[in-house]
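Novice: Just need the structure, nothing else, for what follows:
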Amino acid sequence: MDTTTIDDVQIRHAEPFRAFLQRRGRRYDKKSRNRRGDAIKRLWVLPSRLYKYAEELGLPSVDAIIEQNTLFPCLSRFLGDADQGALIRHHLFDPVDMISQIVGLTASLAPTLNWAPGICLDCQSEDMRTYGHTIWRRDFLLPEVRWCGRHNAPIFHLCDACLRRFATGTHFDVPLSRCPCGQPLALRAKTIHRQEREVALGWQRLLDSAFAPYIGSREMAALINNRAAELRLIDDKQISWVRCLDFFGSQRLRGFSNSIGFRLAGKPLQNALLGKKCPRHPIHAILLLVALYGSWHAVEELLLDRSACLEELDDEMFAEEDL
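Specialist: Numbers count the residues shown, from 1 in each chain. Sure, this is the predicted structure:
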């Protein structure tokens, strides 16, 4: 069992740090609010001042918290060195301005709430057997994740009213099998297509810091660029929009990509296929990889083959700091 003991309350593996503090009955420092008032979101998805809390609560390793209780292991794989450094500073110390934009977590199906705690009922059952109680899980904090890859099961969330209460700071200590208001939980998506399952598999795999730790934004950009060239979506550093329209023309693929705020067209797609800019938003990048290679399994095989991931990009093409 992977936990860190603090009195009679333990922080569980994959439990968001904010959820652990909530379960322990401790509130975050009011200074965590920023000018736009999105503190609640950042405390769950992008927590800050972890060094301070680790000292106060007697946690032995802030590094372990970042690896096991934040989204850093996946987010960092799509960021350049400078932006990775900004994210680490944000987690360890005071909040970094514009951190949501830096890591790409700004596009969303719901513009006013681009995070939401999700619930896998099979994860709940597993947690009850393991811990004797349920926990919120970092895997399902992004609303774009609609499937549990570990259990091959759909993700549920709170009803709209409870979700609004949650977003404004109401404490729901642990997830339940029904909404706090007593209503049934709502499915994040009524219909789950194959691409959504594949993306969820990739997301949960990349959250594991031990999985292919050598993978960064340059390697991700190289995988996208190499496959685009193989498929002749690009030729001599020029994009073929006719072939792209045909390749990405599936109604289901476009429906899913549009629902998560990622248009498979225009400048963002062009920059990604040409190897100039790896998409920052992890779900967008994973979807593009899955679409290009056909499945997450195919992508994972390449990620585990270090030589396939370390092919050099043209430095003049790759613009890491201009993403």
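Novice: Distance check, the most far-flung residue of the chain relative to its centre against residue 105.
Specialist: Within the chain, the residue lying farthest from the chain centre (CA atoms, centre = their mean) is residue 236, at 33.0 Å. To residue 105, residue 236 is 35 Å away according to CB to CB, to the nearest Å. In this view, the C-beta of every residue, glycine as well, is placed from N, C-alpha and C.
Novice: same deal with residue 263?
Specialist: Taking CB to CB, one finds residue 263 at 17 Å from residue 105.
Novice: more neighbours, the two?
Specialist: residue 105 (24 against 14; other CB atoms under 10 Å).
Novice: I'd assumed residue 219 was in a strand, is it?
Specialist: No. Assignment of residue 219 by DSSP: H, G, I helix; E, B strand; the rest coil gives helix, placing it outside any strand.
Novice: Give me the pLDDT for it.
Specialist: In this model, residue 219 is scored at 92, pLDDT.
Novice: do residue 247 as well
Specialist: pLDDT, residue 247: 95.
Novice: now the one 5 residues further on
Specialist: Looking at residue 252, its pLDDT stands at 88.
Novice: Could you pull up the residues touching it?
Specialist: Shown in contact with residue 252 (CB atoms under 8 Å, 6 or more residues apart in numbering): 193, 194, 195.
Novice: how about a cut-off of 10 Å?
Specialist: 191, 193, 194, 195, 196 (CB atoms under 10 Å, 6 or more residues apart in numbering).
Novice: Tell me the buried residues in the helix or strand harbouring residue 82?
Specialist: Counting by DSSP states H and E, the element that carries residue 82 is helix 81-92. For helix 81-92, burial by neighbour count (16 or more other CB atoms under 10 Å) applies to 83, 84, 86, 87, 88, 90, 91, 92.
Novice: Report the two of the residues you listed separated the most.
Specialist: Using CB to CB, those reach their maximum pairwise distance at 83 and 92, which is 15.0 Å.
Novice: Would you check that residue 217 makes contact with residue 80?
Specialist: Yes. The pair residue 217 / residue 80 is scored as a contact, 5.6 Å apart, by CB atoms under 10 Å.
Novice: Done for today, thanks.
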